[in-house]
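> The sequence and its predicted three-dimensional model are supplied below.
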Amino acid sequence: DQQVKQNSPSLSVQEGRISILNCDYTNSMFDYFLWYKKYPAEGPTFLISISSIKDKNEDGRFTVFLNKSAKHLSLHIVPSQPGDSAVYFCAASVPGNTPLVFGKGTRLSVIA
Amino acid sequence: NAGVTQTPKFRILKIGQSMTLQCAQDMNHNYMYWYRQDPGMGLKLIYYSVGAGITDKGEVPNGYNVSRSTTEDFPLRLELAAPSQTSVYFCASSGVRLGASTDTQYFGPGTRLTVL
C-alpha cells in the first residue's frame, strides 16, 4: 500500500505560469515532508521541506503547503522556468529510526 | 568535497553474474541508503545503514547484500543477477538521525544496471 501518493505522473505548464504539484499521504504519523527534484541521468536533489507543525514554507520561487486534515501537500513554483523541467518526488518521514518514504514522482515540463 | 559518488555509471550483466556497486561519501554522514528506481516508479529502499557495522533491510532487499565496514563506504552486492534487477540504483547519505526534522538525504548520480 502506497503511503505517499503522487497521482499525476506528468504536468505541462507554460513558462511564467504557476506549477502546482500535489502529494497525498495516508500515514498520520508522518511529521516531516520533503520535495526532491531529479534531472535525467542525475540523482535526486533536495528542494524544500516542511515540518508538520507548519502549514507553509517558502524558499524563493518554491512554496510548499501542508494540509494535515486532508493529508495533502503541494509544491508551488512561481514563476515556472524551463530549467524547472524535471521529475519531482514527494517524500515523508515519521519520528524515529525509519527512512524516508517516497512517492512515484511527477514529471514537470515547462514549455517556453 | 565530492558528496556521494557511485561507480560504475553503467553496467550490463548476464543472468547469474555477480557484481558490487560502489558508493562512497565524504561528508562524514552516519546514515547511508541504497534505492532502486524502475521506469515510471518511485524510489524503493533496498538497504540502509545507520552507522559502520549496522545495516537493515528496506522494502526490496531480496537478491542484494550490503556491508558497512567504514563510515564512508556502503557497497551493494548482487550475487546472482536476474532480469528483474534491471534498474537505476541510487546511493544516498544523510547526516542526521533517521526521521528527524532535518533529515535531508544527499544522493549520488546513480548506476544504470541492465541484466540480460
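Done, it's in. Numbers count the residues shown, from 1 in each chain, chains lettered A, B, ... in the order given.

> secondary structure element for the most centrally placed residue in chain B?
Centroid-nearest residue in chain B, with Cα atoms, centre = their mean: B:W34, separated by 2.5 Å. According to DSSP states H and E, B:W34 maps onto strand B:31-37.

> bridging residues for the residue nearest to the centre of chain B?
Going by DSSP bridges, B:W34 is paired in beta bridges with B:Y47, B:C91.

> picking up where we left off before, show me what the strand holding B:W34 packs onto, helices and strands only.
strand B:19-25, strand B:43-51, strand B:87-94 (3 or more Cβ pairs under 8 Å, 6 or more residues apart in numbering or on different chains; DSSP states H and E). Where C-beta positions appear, they are placed from N, C-alpha and C, glycine not excepted.

> Other residues contacting it?
Applying Cβ atoms under 8 Å, 6 or more residues apart in numbering or on different chains, the contact partners of strand B:31-37 are A:99, A:102, B:21, B:23, B:25, B:43-51, B:58, B:60, B:64, B:66, B:68, B:74, B:76, B:85, B:87-98, B:105, B:110.

> Which entries within the residues you listed meet the buried criterion?
Neighbour-count burial (16 or more other Cβ atoms under 10 Å in any protein chain shown) applied to the contacts of strand B:31-37 gives A:99, A:102, B:21, B:23, B:25, B:43, B:45-50, B:58, B:60, B:64, B:66, B:68, B:74, B:76, B:85, B:87-95, B:98, B:105, B:110.

> and the angle for the strand holding B:W34 with strand B:87-94?
160 degrees (axes from the mean of the first three to the mean of the last three Cα atoms, to 10 degrees).

> for the record, mean pLDDT for strand B:31-37?
Here strand B:31-37 scores 94 as its mean pLDDT.

> so where is chain B shaky, pLDDT-wise?
Where chain B drops to pLDDT under 70, the residues are B:96-103.

> For A:V101, see how far away A:V4 is.
5 Å (Cβ to Cβ, to the nearest Å).

> Find the residues that touch each one of these two.
A:A91, A:A92.

> residue in chain B nearest to chain A?
Here chain B gets closest to chain A at one residue, B:F107, 3.2 Å apart by Cβ to the nearest Cβ.

> Which parts of chain A are strands?
Ranges of strands in chain A, per DSSP state E, are A:4-5, A:10-14, A:19-25, A:32-38, A:45-51, A:56-59, A:62-67, A:72-77, A:86-93, A:101-102, A:106-111.

> Least confident secondary structure element in chain A?
Scoring the helices and strands of chain A by mean pLDDT, DSSP states H and E places strand A:101-102 at the bottom, with a mean of 91.

> so does that one get close to chain B?
Yes: among the residues of strand A:101-102, A:F102 lie within reach of chain B under Cβ under 8 Å from any Cβ of the partner chain.

> Quick one: low-confidence residue ranges for chain A.
For chain A, applying pLDDT under 70 flags the ranges A:96-97.
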